[in-house]
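Student: Here is the input, now give the coordinates:
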Amino acid sequence: MSPTNPRLSRDCLIVEQAEQAIRQLITAHHEWFVAENGGAPLSINADEFDFLVAHHRLLFSCWTESGSRTWRVLDWNWNGDKLQLRTSRRMGAEISLLELVPRASAKAIVASIAAARQERCERLAQLMAQTLGVGDRVLGVDSVDVHPKRHTQHPVFEGTRPPPHTRHPDFNVLLSSVKIERASLSPGMRRDQPGRYARIVLRLPHQRIAATGTVAQSDVRNVDSLFSSTLLWFQRITQSPTRPSIEQLFLVIERQILEATRQRHVLLRDSLRQRIELFEIDEDWKELAPVQPFERKHLWRKRLARFPPVNESESNAQAIDIIANAPQAIDVVASRHGQTLRYHGLPFARVRRVLERDRIWFGIEGSRRRVLDDFHRPDWAKLFQDLETYRNEGCRDRRHWLYRASGEAWLESILRRDITKLDPGLIIAPLHAQFRTSHGGPTGARPIDLLALRHDGRLVVIELKVTEDREHVFQGVDYWRRVEAHRRRGHIASAKLFGEREISDESPLVYLVAPTLRFHPSFHTLAKTIAPDIEIYRFDINEDWRAGVRVVRRDRVNG
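Tutor: Residues are numbered from 1 along each chain as shown. Reported below is the predicted structural model:
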């Protein structure tokens, strides 16, 4: 009998103690959220995961959307709110950080976030009430040196209270006459989430005013959501029978989204834009200052960098061989560093030139990418077989991840092959997919789904959706603004994006495309808020578009 290894015994003891301690934590809660490397949390029950000791190792197994998976636990920590696991898979090739949060703790975290946002909302309401209380123009009190067209010179619109010797004699009465009728949060994206925006109604002697602002972290990528949510709320409360009616909206914004907000604001219908005033709030949330809105001509005067050149490169022999396996399903998207092969819009292989030699990596987004060589041929064959089985219009398992993933890219890949299925007036080629008017980055400049040209020379911006998306309208309008700015400067013509074809001296058209039942219920309401000189068309396509796109209906939505 071999002697016992003291170090091994000690390690075994540590692993067993860790397993017992974790089990005590787990048994205290039945429902959990689990997230890997900060990804989207998955709701699971305690009987859907387990900890066990095998071969002197602590293992964690869990049922995920991809099936059952097992990790080796390298280290763990419980901070009172969540259990953090540093884990490895595939013999150490993958290192992950798993976080398990009890649903009860998650509710407490959500409640604390909601309380913090509500506090910010009430602070904003008080600040706005104070501002209105000083503002002679708003209250209708005569002012000696304030002209309605130059109200920004008045102290209220400088974010400060006027000094005592310059205050109106009825200042205290006016200030006390501003009442906060409502200060609450907007609905969250889900029922268990707090809203991101303040919903404030202020009552004055002869009018009521709506005010809103972001009480969560401001981000230019959320400006479309801000406008969509705000305008729907504003329309709803203006139709309320409560008197006096609300005719004015104050939109409070932070500096980091100031530019993006004014860009959307100037594209609204005149009758609506005149009812919305913009205010900037300082970093400490102590003062408000008015914001001069853009005029449309400002958008065209702004200096623009030329958009990135369109990458065009020939496919190498290996890529051509791969495409030949399923030419009706695989397309190629050019990039700065090579090419990406997509199976019905889903990227699965990338061609890159390394040291004057073309190499191919394969793998679905989120999984480990491997070099296509003899050693990995079985993995490559398995991936390709799965794509053929599950990513096609005849797939029986409609819940499979490969079938449901990247739906908009799938629709885009179909239209790229023949854009005339959408509109016979469009030229088939060239057609630019995922077109960038500028390099990406923190500015929120997302790529345009499709940029096309009609036979009459008019540009067309196409935005695709396959699920309900409230921001559909404002995304399309923002793309219109960027393309129109470049068109006016001649960038599109000089870059010969459409060869020698002449670009019409007219603003682009906007095509918003989705299956008939996948347009958001508020689509038409939001479309009516956009200036009528921006031509927006709604294209309803068939629900079974994967088998072939057919246009069911086409309407002008903001005429």
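Student: Only C-alpha atoms from now on, for both contacts and neighbour counts.
Tutor: OK.
Student: which strand is the longest one in the chain?
Tutor: strand 67-78 (DSSP state E).
Student: helices or strands up against that one?
Tutor: Judged by 3 or more C-alpha pairs under 8 Å, 6 or more residues apart in numbering; DSSP states H and E, strand 67-78 is in contact with strand 57-64, strand 83-89.
Student: what pairs with the longest one, and is each one parallel or antiparallel?
Tutor: Here strand 57-64 is paired, per DSSP bridges, with strand 49-54 (antiparallel), strand 67-78 (antiparallel).
Student: ditto for the last one
Tutor: Partners of strand 83-89 in the sheet, by DSSP bridges, are strand 67-78 (antiparallel), strand 94-102 (antiparallel).
Student: would you list those in TSV and tack on mean pLDDT and distance to Pro241?
Tutor: Shown next, in TSV, are those (pLDDT from 0 to 100; distance: least, C-alpha to C-alpha, whole Å):
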stretch	mean pLDDT	distance to Pro241
strand 67-78	84	53
strand 94-102	87	44
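Student: Going along the chain, name the helices of the stretch 451-559 of the chain.
Tutor: 472-488, 491-494, 523-527 (DSSP state H, counting those that start in this stretch).
Student: returning to what we had before: which residues does the longest strand of the chain contact?
Tutor: Defining contact as C-alpha atoms under 8 Å, 6 or more residues apart in numbering, one finds that strand 67-78 is touched by 57-63, 83-89.
Student: Report the buried residues of it.
Tutor: Thr70, Trp71, Arg72, Val73 (16 or more other C-alpha atoms under 10 Å).
Student: can you check stretch 547-559 too?
Tutor: Val549, Arg550, Val551, Arg554, Val557, Asn558.
Student: sorry, back to before: turn the strands paired with strand 57-64 into a markdown table, including distance to Ala495.
Tutor: Shown next, in a markdown table, are these (distance: least, C-alpha to C-alpha, whole Å):
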| stretch | distance to Ala495 |
| --- | --- |
| strand 49-54 | 56 |
| strand 67-78 | 48 |
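Student: circling back to that earlier point, pull the most distant pair out of the contacts of strand 67-78.
Tutor: Arg57 and Trp63 (19.7 Å; C-alpha to C-alpha).
Student: and the closest residue to Val551 other than its chain neighbours, what pLDDT?
Tutor: Leaving aside its chain neighbours, Val551 sits nearest to Ile541 (4.4 Å; criterion: C-alpha to C-alpha, 6 or more residues apart in numbering). Here, the pLDDT recorded for Ile541 equals 97.
Student: Quickly list what Ile541 is bridged to.
Tutor: If you apply DSSP bridges, the partners that Ile541 bridges to are Pro515, Val551.
Student: residues in contact with it?
Tutor: Val513, Ala514, Pro515, Thr516, Val549, Arg550, Val551, Val552, Arg553.
Student: related to what we said a few turns ago, narrow the contacts of strand 67-78 to those that are buried.
Tutor: Arg57, Leu58, Leu59, Phe60, Cys62, Trp63, Leu83, Gln84, Leu85, Arg86, Thr87, Ser88.
Student: Same list (the buried residues of strand 67-78) but as a markdown table, adding distance to Asp469.
Tutor: Below are the buried residues of strand 67-78 laid out as a markdown table (distance: C-alpha to C-alpha, whole Å):
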| residue | distance to Asp469 |
| --- | --- |
| Thr70 | 35 |
| Trp71 | 36 |
| Arg72 | 39 |
| Val73 | 39 |
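Student: so which of those residues comes closest to Val15?
Tutor: Using C-alpha to C-alpha, the buried residues of strand 67-78 come closest to Val15 at Val73, 9.5 Å.
Student: is the closest one in a bridge, and if so with what?
Tutor: Thr87.
Student: One more: the one 10 residues further on?
Tutor: Following DSSP bridges, Leu83 is listed with bridge partners Trp78, Leu100.
Student: measure it to Asp75 for me?
Tutor: From Leu83 across to Asp75, the span is 11 Å (C-alpha to C-alpha, to the nearest Å).
Student: again, but for Gln385
Tutor: 37 Å.
Student: Also Arg538?
Tutor: For Arg538, the distance to Asp75 - C-alpha to C-alpha - is 53 Å.
Student: One more: Gln292?
Tutor: 55 Å.
Student: Taking the buried residues of strand 67-78 together, which two end up most distant?
Tutor: It's Thr70 and Val73 that sit farthest apart of the buried residues of strand 67-78, by C-alpha to C-alpha, at 9.5 Å.
Student: mind checking how far Arg436 is from Arg391?
Tutor: Taking C-alpha to C-alpha, one finds Arg436 at 27 Å from Arg391.
Student: Please apply the same query to Glu36.
Tutor: Distance, Glu36 to Arg391, by C-alpha to C-alpha: 25 Å.
Student: before we move on, back to that, for the helices of the stretch 451-559 of the chain, which has the smallest mean pLDDT value?
Tutor: Among those, helix 491-494 carries the lowest mean pLDDT (a mean of 89).
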